[in-house]
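[1] Based on what follows, work out the 3D shape:
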Amino acid sequence: MLQNILSFLDLHQLNNADRLLIVGFSGGLDSSVLLHALHQLKQNKSLAAALQAVYVDHGLQECSGSWATHCQQVCADYKLPFQAIRIDVQAARGQSPEAAARKGRYAAFENLFELQSQQPVLLTAHHQDDQAETVLLQLLRGAGAAGLSAMPEVKPLGGGLQARPLLGFSREELEAYAAKKQLSHIEDPSNKEDNFDRNFLRNQVMPLLQQRWPSANKTITRSAGLLAEQQDLVNSELQPALAEYASGSVFTPIESTPPSKVFALLRLWLREQGATMPSQAVLAQLQSLLYSGGEVSWGEEGSKTVVRGFSGKLFYCDLAAEAKRKSLSLKNSLVWSLNKPLGLEELYLELSPQLLQQQEVALPAGTREVLVRFDQPNSTRLYIDGHKHSKSLKNIFQERAVPPWLRAYCPLLYVDDKLRGVITIAHY
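    Just a heads-up that it's a prediction; the model follows:
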């Protein structure tokens, strides 16, 4: 096992002196085996990276405090740095406590990463059985190749990486290692509660499958690996084409593109935006947005993805920017002296002469002060200096293809009670 873990770290260039390996240490069997093996590698000087352990206390179990004490004692015996982080798990509406705990746990690790001077890598003890369960859960949810690829060995996490060195080992092998090394570990009583989907698979379904097919876990994870390879190949082939269809958070399909290719490009685009992968039914709804407009959302509260359709395009919505935008009082008007910038923090925007030039706003000559308003009637007309004709605000927004949900927040520039300029915003 030690040599396999060392080879894994070397293969992914994680075993060097500028790395900090942070073991997510719960005190359970899996993470106890991982920490012990890494400690052995450190002892025999095979491990060049720094090593420490972190216990995240979700407070979901009454005995979580004693688990933290156990983990601290193990690390003291190993003479390894240890840290316990307590998080307050608040499940949002429609979100399970376990999902909220998982989200809080990874957020805690990402915050920890920001404090490190070395390149941080979170090592988690997911193993072959976990991988097989994940594949089956994804299959039952109707996932495609990307979902059935299950957990990658290494992936980005915050300002660092997450790696899973034990994916090649079965739980039986970890149990044998723990018995041989006489490792004490914690048994979480919630693992026996079959009302959780993963526990039901682990406790009821997998034993039946293994009675009939003893190598079920290994073959399921092999299939996941093959699907991951195929998905990587598809993504590499599609990546150059994506630039023709998407620009940042805006996706614009090209007519006559086959639906299967549109779906594949949509998945790739959404992955690049950091979205939770949608089901096939949601993908079909997204495609319909291109023609009908509207909004589609999916995912649990707290990690929801929202995509809106307008004018034959899809917009990946920045929900944090939207929440901030909504804090702007649209009834207020602001006075902007042109001799200095005016910051509009709620819109991630700063009004300046340079911005006026970029957006081709021509104010009357000699203008020194502008009144900034929001959310004016569509019939409001824009007067351009030196032009006989004016344009309605509605026409301007249509010409510039400003999505309806942003129009009320576009700063409108008034001089002498006449609308003289419109600034468009792009945090969708």
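[2] so Gln83 is in which element?
    strand 82-86 (DSSP states H and E).
[3] nope, Val335 is what I was after
    Using DSSP H and E, the element containing Val335 is strand 334-337.
[4] now that strand: mean pLDDT?
    Strand 334-337 shows a mean pLDDT of 92.
[5] Quick check: neighbours of the very next helix or strand once past it in the sheet, parallel or antiparallel?
    The helix or strand immediately downstream of strand 334-337 is strand 342-344, counting by DSSP H and E. Strand 342-344 pairs in its sheet with strand 349-351 (antiparallel), by DSSP bridges.
[6] So which bits of the strand it pairs with are buried?
    349, 351 (16 or more other CB atoms under 10 Å). Yep, even glycine has a C-beta here, placed from its N, CA and C like the rest.
[7] next one: the strand holding Val335 to chain centre, how far?
    Here strand 334-337 is found 38 Å from its chain centre; the criterion is CA atoms, centre = their mean, to the nearest Å.
[8] May I see the buried residues of it?
    Within strand 334-337, judged by 16+ other CB under 10 Å, the buried ones are Trp336.
[9] which other helices and strands contact it?
    For strand 334-337, the packing partners by 3 or more CB pairs under 8 Å, 6 or more residues apart in numbering; DSSP states H and E come out as strand 369-373.
[10] The strand it packs on: how far from the chain's middle?
    39 Å.
[11] distance between the helix or strand just after that strand and the chain's centre?
    Sequence order places strand 381-383 as the next helix or strand after strand 369-373, per DSSP H and E. Distance, stretch centre to chain centre, for strand 381-383: 42 Å (CA atoms, centre = their mean).
[12] Please work out which residues outside strand 381-383 touch it.
    390-393, 396, 418-422 (CB atoms under 8 Å, 6 or more residues apart in numbering).
[13] Next: stretch 116-124.
    With CB under 8 Å, 6+ apart, stretch 116-124 has contacts from 14, 18-24, 31, 34, 38, 49-50, 109, 112-113, 157, 159-165.
[14] Helices of the stretch 151-300 of the chain, residue ranges please.
    Using DSSP state H, counting those that start in this stretch, the helices of the stretch 151-300 of the chain run over 171-181, 197-200, 206-212, 216-245, 259-272, 280-292.
[15] now the angle from the first one to helix 216-245?
    For the pair helix 171-181 and helix 216-245, the angle between their directions (axes from the mean of the first three to the mean of the last three CA atoms, to 10 degrees) equals 120 degrees.
[16] Just the pLDDT at the residue most central in space within the chain, thanks.
    With distances taken as CA atoms, centre = their mean, the chain has Gly274 as the residue nearest its mean C-alpha position (4.3 Å). Model confidence at Gly274, given as pLDDT, is 82.
[17] What of the one 10 residues further on?
    Here the pLDDT value assigned to Ala284 is 85.
[18] just to revisit the earlier point, now that we have the contacts of stretch 116-124, which of them are buried?
    Judged by 16+ other CB under 10 Å, buried ones among the contacts of stretch 116-124: 14, 19-24, 31, 34, 38, 49-50, 109, 112-113, 157, 160-165.
[19] just checking, His39 touches Leu80?
    Yes: His39 lies in contact with Leu80 (CB atoms under 8 Å); the separation is 6.5 Å.
[20] list the residues that contact both of the two?
    Contacts common to His39 and Leu80, judged by CB under 8 Å, 6+ apart, are Leu51.
[21] which stretches of the stretch 301-428 of the chain form helices?
    Using DSSP H, counting those that start in this stretch, helices in the stretch 301-428 of the chain cover 319-325, 353-358, 393-399, 404-407.
[22] Tabulate the helices of the stretch 151-300 of the chain (CSV), appending distance to Ala321.
    Putting the helices of the stretch 151-300 of the chain into CSV (distance: least, CB to CB, whole Å) gives the following:
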stretch, distance to Ala321
helix 171-181, 43
helix 197-200, 34
helix 206-212, 43
helix 216-245, 23
helix 259-272, 17
helix 280-292, 20
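[23] Please identify the most buried of those.
    helix 259-272 (a mean of 18; mean count of other CB atoms under 10 Å).
[24] So which other helices or strands are in contact with that helix?
    helix 216-245, strand 246-247, strand 250-251, helix 280-292, strand 313-316.
[25] Which residue ranges make up each domain of the chain?
    Domain assignment for the chain by automatic domain parsing gives 2-220, 248-317, 325-422.
[26] circling back: go through the contacts of stretch 116-124 and flag which are in strands.
    19-24, 50, 157, 160-163 (DSSP state E).
[27] Report the lowest-confidence entry in these.
    The minimum pLDDT among the ones in strands among the contacts of stretch 116-124 falls on Leu157, with 86.
[28] and the closest residue to that one other than its chain neighbours, what element?
    Nearest non-adjacent residue to Leu157, counting by CB to CB, 6 or more residues apart in numbering: Leu122, 5.8 Å away. Secondary structure from DSSP H and E places Leu122 in strand 119-123.
[29] May I have the strands that pair with that strand, each with its orientation?
    strand 19-24 (parallel), strand 160-163 (parallel).
[30] re earlier: which of the helices and strands packed on helix 259-272 has the lowest mean pLDDT?
    Within these, the stretch with the lowest mean pLDDT is helix 280-292, showing a mean of 85.
[31] So which other helices or strands are in contact with it?
    Using 3+ CB pairs under 8 Å, 6+ apart: helix 280-292 touches helix 259-272, strand 294-298, strand 305-310, strand 313-316.
[32] between the ones you listed, which gets nearest to Ala176?
    helix 259-272 (37.5 Å; CB to CB).
[33] export that closest one as PDB, just CAs?
    Taking Å, rounded to 0.1, in the frame of the first residue of the first chain, the C-alpha atoms of helix 259-272 are listed here in PDB:
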ATOM      1  CA  PRO A 259     -28.800  18.600 -30.800                       C
ATOM      2  CA  SER A 260     -26.400  16.000 -29.400                       C
ATOM      3  CA  LYS A 261     -23.500  18.400 -30.100                       C
ATOM      4  CA  VAL A 262     -25.400  21.300 -28.500                       C
ATOM      5  CA  PHE A 263     -26.000  19.200 -25.400                       C
ATOM      6  CA  ALA A 264     -22.300  18.200 -25.200                       C
ATOM      7  CA  LEU A 265     -21.200  21.800 -25.600                       C
ATOM      8  CA  LEU A 266     -23.800  23.000 -23.000                       C
ATOM      9  CA  ARG A 267     -22.400  20.500 -20.500                       C
ATOM     10  CA  LEU A 268     -18.800  21.700 -21.200                       C
ATOM     11  CA  TRP A 269     -19.800  25.300 -20.900                       C
ATOM     12  CA  LEU A 270     -21.700  24.700 -17.700                       C
ATOM     13  CA  ARG A 271     -18.700  22.800 -16.200                       C
ATOM     14  CA  GLU A 272     -16.500  25.800 -17.000                       C
END
